[in-house]
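*Asks:* 3D, please:
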Amino acid sequence: MGQGGSVTVGGPVSSSSAIAVPNAPSFHASNPTSPLSAMNTIGSPTQSGIDQPVGANVSPMKAAEFSTLGQPGTTSRGDQSHRGAQVSYLHHLSCRIILAGLESNLKPATHAVIFHHMVNWLVNWDQRPHGVDEADTVQTSRIGRPVHEWMHLCLDVIWILVDEEKCRIPFYELVRSNLQFLENIPDDDAVICIIMEIHRRRDMVCMHMQMLDQHLHCPTFGTHRFLSQSYPSIAGESVANLRYSPITYPSVLGEPLHGEDLANSIPKGGLDWERALRCLRHALRTTPSPDWWRRVLLVAPCYRSHSQTSTPGAVFSPDMIGEAVADRTIELLKLTNSETQCWQDWLLFADIFFFLMKSGCIDFLDFVDKLASRVTNGDQQILRSNHVTWLLAQIIRIEIVMNTLSSDPRKVETTRKIISFHKEDKSLDPNNISPQSILLDFISSSQTLRIWSFNTSIREHLNSDQLQKGKQIDEWWKQMTKASGERMIDFMNLDERAMGMFWVLSFTMAQPACDAVMTWFTSAGGAEFMQGPNMQPNERVTMMHETYPLSMVLLSGLSINLCLKLAYQLEETIFLGQAVPSIAMVETYVRLLLITPHSLFRPHFTTLTQRSPSILSKSGVSLLLLEILNYRLLPLYRYHGKSKALMYDVTKIISMIKGKRGEHRLFRLAENLCMNLILSLRDFFLVKKELKGPTEFTETLNRITIISLAITIKTRGIAEVEHMVYLQPLLEQIMATSQHTWSEKTLRYFPPLIRDFLTVRADKRGQAIQAWQQAETTVINQCNQLLSPSAEPNYVMTYLSHSFPQHRRYLCAGAWMLMNGHPEINSANLV
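*Replies:* Residues are numbered from 1 along each chain as shown. Sure thing, here's the model as predicted:
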């Protein structure tokens, strides 16, 4: 019987060998994509149907028969072994056929099917047939060589399919497969090697995903993705239409970060922790708006009131932001030590740092500990300048910092650590003095004096040399004010040393510095004696120049505390004062807001009406405010994400002055500002906070709103289901008072949702033309009388009050027609 079995098996074995490529080496040795060819210690045995002796190619069935001979009572077990051996042999034969077929060009679908079967065979290599216990499976799996032979052939097929030069199957499919999760890995180097390669590639994907997370979810990424609810911000105000948090979706890096509880539970040093820090470091470099920081940060537990609820939208804990800020500080110190000009980077970082500290997002004690630990445990030479002292001097007047340094039990220890950051520059070149070098040289003294004012009991920890430097600042200030008898400084002619000393003064004595600037603005200007063309040599003419605005260079070095005081004082004088403000004063106020966008920003309509409820009723104040917003501060509002709130405030002004005479300039400024705001909004917005009644927009603004909605839907789609709910009433509200219609050619470019609504509107352009033709003669005659040089103002008012409404609507058109080529028009009546 054994002889017959040997004959039966011999045929298939010879046919199998005949299918193999003649004189072909092993696929592991020849395949360049397989990592096994480059490994000397790990590799599969060399296989070739030609080189091996015939005895080595014995059928697995024969081996299975030999294993069952002489064992009575094992008939069923032998049948299962026969079945397993047959399956192994079929796998072996199929792989040989596939290897031969892969030398020709197969269809991609065929490659996918082959790959799928190869992976399934390898994953289920030790699958136990139904009715066989575990002991039998273990015994079957010990038949090592035939099983490993077909597994090696499967691996050869897979390596050929994922060959990157041929691109038959992407290696990504192996990363997606279950091959890497084998529970019972065979004791074979080739199988272990491919699993290791899959894990190596998977780790590479993880690293790329980490970087991808940073870019896709960094603060500057422009795609809006809104939350359907509003979360309270740091200051307790509600923020509508928030973007999703930077880390809010599941990925290969772990669970998504969303909500305060989950953010606080992230273990330090893990992948999610590093991922969060990477996003924060990127944010500190690219300076996103304060609106972004409010949504993703938490108030530190030591500064949080008991009544404050949890913040579901936050994704970064105070510990994360403290570590990221410390990392950014060390990074800037390294750039400074490398002779890189990064003073502007320090200024931007100080603005963000002041905002985060004032908002309570950074635990001051913990931050000082982190920074001191980095300096102590790291490179001792990294602290070569007083930049850290300057940075801490910016926040030392914040209330939570003052309370910490005056009443906290760890105040002495924290003070000693702050003083340890002082770095005296003994090599200061007196011939090469810049304002920055003077500021950094005296900033330690300024900080020391401020700390001493908090707590006099820490005198023994202070440096006496720094106290002596404070006297030099006082002496300089006395010399500057002694000449004129009052604190009047010519800010247009400050030299390098004077500018640097004034910067130091802003940290030491902010109020006298603020008074000096305000005195400069309220003065009559600078006097200059000039000689005229037809004058005697000894004669001079006195010329008075208006004061100039403070330069951006001078403003950039002032302490943020002084900038806050100065902005408040200028706001009081410009908007609430009785005198007409000078251009220099207004321009300096605008420059202050632009230099420190995080620390000094305020919504002007809200802030001014809180200080004086009737302030907007003054046309001069409204006019000046709209000019500032139109020409200077509109990008700042966009940066802060306050365009929508500003649009609602401007709409109120439009509704108040829409029917008034004599307010054309104010009306046009408001309409132009509102137009720019609507076109800058790239999301859905309600033209009125309630979908009731027609809009308060003008005809032009209604058209602009339709165009803006069409662009938003066309380019970004509809992000929320609720947008579909109120889109129809929104369109009806916008077009309720509008007579405009778009041509069919123009409507082709509109999205279908808006096009279907606008198509059914009646085209009234023909009726409007006919109505104008009927009233044209009467309107032109009336305009001739109203705009003639001899027309009396009383007649104009009487006509406007009692004429037909349909005629009044055409008066502007008639006046426009008459103004062309008629300089004798009475333009006073146009108002």
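
*Asks:* In terms of secondary structure, what does whichever strand or helix holds residue 441 contact?
*Replies:* Remark: residue 441 resides in helix 435-454, with elements defined by DSSP states H and E. Here helix 435-454 touches helix 387-395, helix 399-407, helix 411-420, helix 464-482, helix 496-508, going by 3 or more Cβ pairs under 8 Å, 6 or more residues apart in numbering; DSSP states H and E. Yep, even glycine has a C-beta here, placed from its N, CA and C like the rest.

*Asks:* Now that helix: buried residues?
*Replies:* Buried residues in helix 435-454, defined by neighbour count with 16 or more other Cβ atoms under 10 Å: 435-452, 454.

*Asks:* Just want the angle from it to helix 496-508.
*Replies:* Using axes from the mean of the first three to the mean of the last three Cα atoms, to 10 degrees, the direction of helix 435-454 lies 20 degrees away from that of helix 496-508.

*Asks:* ok now helix 435-454, how far from the chain's centre?
*Replies:* 34 Å (Cα atoms, centre = their mean, to the nearest Å).

*Asks:* Looking at that helix now, give me its mean pLDDT.
*Replies:* Taken as a whole, helix 435-454 has a mean pLDDT of 86.

*Asks:* mind saving the C-alpha coords of it as PDB?
*Replies:* Only the C-alpha atoms of helix 435-454 are listed here, as PDB (Å, rounded to 0.1, in the frame of the first residue of the first chain):
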ATOM      1  CA  PRO A 435      18.400 100.300  22.100                       C
ATOM      2  CA  GLN A 436      18.100  96.500  22.500                       C
ATOM      3  CA  SER A 437      21.500  96.200  24.300                       C
ATOM      4  CA  ILE A 438      20.700  99.100  26.600                       C
ATOM      5  CA  LEU A 439      17.300  97.600  27.500                       C
ATOM      6  CA  LEU A 440      18.800  94.100  28.200                       C
ATOM      7  CA  ASP A 441      21.600  95.700  30.300                       C
ATOM      8  CA  PHE A 442      19.100  97.600  32.600                       C
ATOM      9  CA  ILE A 443      16.200  95.200  32.600                       C
ATOM     10  CA  SER A 444      17.600  93.200  35.500                       C
ATOM     11  CA  SER A 445      17.500  96.400  37.600                       C
ATOM     12  CA  SER A 446      14.000  97.200  36.500                       C
ATOM     13  CA  GLN A 447      12.800  93.700  37.500                       C
ATOM     14  CA  THR A 448      14.600  93.800  40.800                       C
ATOM     15  CA  LEU A 449      13.000  97.000  41.800                       C
ATOM     16  CA  ARG A 450       9.600  95.700  40.900                       C
ATOM     17  CA  ILE A 451      10.000  92.500  42.900                       C
ATOM     18  CA  TRP A 452      11.300  94.500  45.800                       C
ATOM     19  CA  SER A 453       8.100  96.600  45.700                       C
ATOM     20  CA  PHE A 454       6.000  93.400  46.100                       C
END
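
*Asks:* That helix relative to helix 464-482, how many degrees between them?
*Replies:* 110 degrees.

*Asks:* show me what contacts residue 513?
*Replies:* Taking Cβ atoms under 8 Å, 6 or more residues apart in numbering as the criterion, residue 513 is in contact with 502, 505-506, 558, 562.

*Asks:* Repeat that for residue 550.
*Replies:* 491, 517, 588, 591.

*Asks:* Any regions of the stretch 551-700 of the chain where pLDDT drops low?
*Replies:* Applying pLDDT under 70 to the stretch 551-700 of the chain flags the ranges 659, 661-662, 689-691.

*Asks:* Okay, helices next: where are they in it?
*Replies:* 552-556, 560-576, 583-595, 597-600, 604-611, 619-628, 634-640, 643-657, 664-680, 699-716 (DSSP state H, counting those that start in this stretch).
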